[in-house]
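Trainee: Here is the input, now give the coordinates:
(chains A and B)
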Amino acid sequence: QKEVEQNSGPLSVPEGAIASLNCTYSDRGSQSFFWYRQYSGKSPELIMFIYSNGDKEDGRFTAQLNKASQYVSLLIRDSQPSDSATYLCAVTHTGGFKTIFGAGTRLFVKA
Amino acid sequence: DVKVTQSSRYLVKRTGEKVFLECVQDMDHENMFWYRQDPGLGLRLIYFSYDVKMKEKGDIPEGYSVSREKKERFSLILESASTNQTSMYLCASSAKGSGDTQYFGPGTRLTVL
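Mentor: As a prediction, this is how the structure comes out:
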């Protein structure tokens, strides 16, 4: 079983819709959770991080964390074609420096 | 503005060659990382360093070594390049402490013939 799992997609949504990206992780003691966006041919860049159970909102983006279910998600409201990218979920393990990345979900937003 | 730079964007080497990939960050970050990224496999950690002259193996260290003589510079060395090391190599840095945001360089696409 992979330590951080994401649906590879592609996930296709129409412009203006809500895109929902999901991620599960195996280490119950994980403490920090990140969403990175990676455009084709570019390096990953941070969108959001979340440490506590619940929701965290930043503009059109909402990260949701449920530690009991070992589940973290990213919602993108009012999706735009410029949101088309691969979204990487990342989890930092307890007491360490290592961050484990999921393989990413490709998102296409159709104009 | 945070900046992580890598010595080359594209590199072509021959099997058996020794390859050096360099990474420099200007954010005074303690932690530095080397990943490789392959389709369907995501980012896999090769080595990381949490201080000058300190290094720790990641998930796939075989065939690689690293050097960190100065805080701002972290080098990845392929002792004898092989075709299965053809990949995108990404360097990242983060501030001290676990759980901090990583800032990535632009990547080096290495092809080993």
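
Trainee: wait, doesn't residue B:65 sit right on residue B:57?
Mentor: No - assessed by Cβ atoms under 8 Å, residue B:65 is found out of contact with residue B:57, at 10.1 Å. C-beta here means a position set from N, CA and C on the backbone, and glycine is covered the same way.

Trainee: what do those two both touch?
Mentor: residue B:47 (Cβ atoms under 8 Å, 6 or more residues apart in numbering or on different chains).

Trainee: number of nearby residues for residue 54?
Mentor: Here I'm looking at chain A. 10 (other Cβ atoms under 10 Å in any protein chain shown).

Trainee: actually chain B
Mentor: Neighbour count for residue B:54, taken as other Cβ under 10 Å: 11.

Trainee: Pretty sure it sits against residue B:67.
Mentor: No - using Cβ under 8 Å, residue B:54 is not in contact with residue B:67; the gap is 11.2 Å.

Trainee: Contacts only, for the residue nearest the centre of chain B.
Mentor: By Cα atoms, centre = their mean, the mean C-alpha position of chain B lies nearest to residue B:34, the distance being 2.8 Å. By Cβ under 8 Å, 6+ apart, the residues touching residue B:34 are B:21, B:23, B:45-48, B:58, B:64, B:66, B:74, B:76, B:89-91.

Trainee: do residue B:58 as well
Mentor: A:98, B:33-35, B:44-48.

Trainee: Please name whichever of those scores lowest on pLDDT.
Mentor: pLDDT across these is lowest for residue A:98, at 77.

Trainee: Show me what from chain B comes close to chain A.
Mentor: B:31, B:33, B:35, B:40-45, B:48, B:50, B:56, B:58, B:90, B:98-99, B:101-107 (Cβ under 8 Å from any Cβ of the partner chain).

Trainee: ok, now with 6 Å
Mentor: B:31, B:42-43, B:48, B:50, B:90, B:98-99, B:101, B:104, B:106-107 (Cβ under 6 Å from any Cβ of the partner chain).
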